[in-house]
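[1] Quick one: sequence plus predicted model below, questions after.
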Amino acid sequence: IRLEGPFGGGNQDWYKFEVAVMVGGGIGVTPYASILNDLVFGTSTNRYSGVACKKVYFLWICPSHRHFEWFIDVLRDVERKDVTNVLEIHIFITQFFHKFDLRTTMLYICENHFQRISNSSMFTGLKAINHFGRPDMTAFLKFVQKQHSYVSKVGVFSCGPTALTKTISKSIETVNKSRKLPYFMHHFENF
């Protein structure tokens, strides 16, 4: 018998970083339901006084909201409980990416306008920002680097298909080459 382990989930060390970026692709959002609930509960009740994590960027990449309506309910609850604004959520809808026709363009314009006026999405009712297409991970990581230049390391956690992991790893490698702080460390789980 050959025994290897113990192995933990790729997302279990999020609380060790002052700033964390979490990326869920498709059904890969499942582990984040409990992590995000735990995060906002802990920060709102001061239960996490010894935990380093002060800011979390959560990116959800999905074909459409309809595929994961259960997760929108989770996010709605998390947003309501997040009194310390520790969490920033971005939702990327990929279904429209390949067919950017007039209808999709109008939906995009209406969503942006509605988001500015009501500070919520017309699709989900969430404060989370909706984007159409896949995220530019390199640009996003550079944004995080600029916003949090005072930390030395940022944890990037992803769960989803192998292609997602490869894209994120490539972006991290590109951004880390600049030798600017913070340095990004990738933890992942594929399915």
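    Right, received. Where do you want to start? Numbers count the residues shown, from 1 in each chain.
[2] quick one: contacts for the residue of the chain most remote from its centre?
    Distance from the centre of the chain peaks at Ile1, with 39.3 Å (Cα atoms, centre = their mean). Under the criterion of Cβ atoms under 8 Å, 6 or more residues apart in numbering, Ile1 has no neighbours. Every C-beta, even on glycine, is put in place using the N, C-alpha and C of the backbone.
[3] Packing partners of the helix or strand bottoming out on mean pLDDT in the chain?
    One helix or strand of the chain scores below all others by mean pLDDT, DSSP states H and E: helix 102-118, with a mean of 77. Using 3 or more Cβ pairs under 8 Å, 6 or more residues apart in numbering; DSSP states H and E, the elements in contact with helix 102-118 are strand 129-132.
[4] Quickly run through the sheet partners of the strand it packs on, with directions.
    Its sheet considered, strand 129-132 pairs with strand 87-93 (parallel) by DSSP bridges.
[5] quick one: the strands in the chain?
    19-25, 55-62, 87-93, 129-132, 153-160, 183-190 (DSSP state E).
[6] average pLDDT across the fifth one?
    Averaged over strand 153-160, pLDDT sits at 96.
[7] Can you pull out the low-pLDDT segments for the protein?
    Residues of the chain that meet the criterion pLDDT under 70 lie in 2-9, 44-51, 67, 96-101, 103-104.
[8] try 50
    Along the chain, segments meeting pLDDT under 50 span 5.
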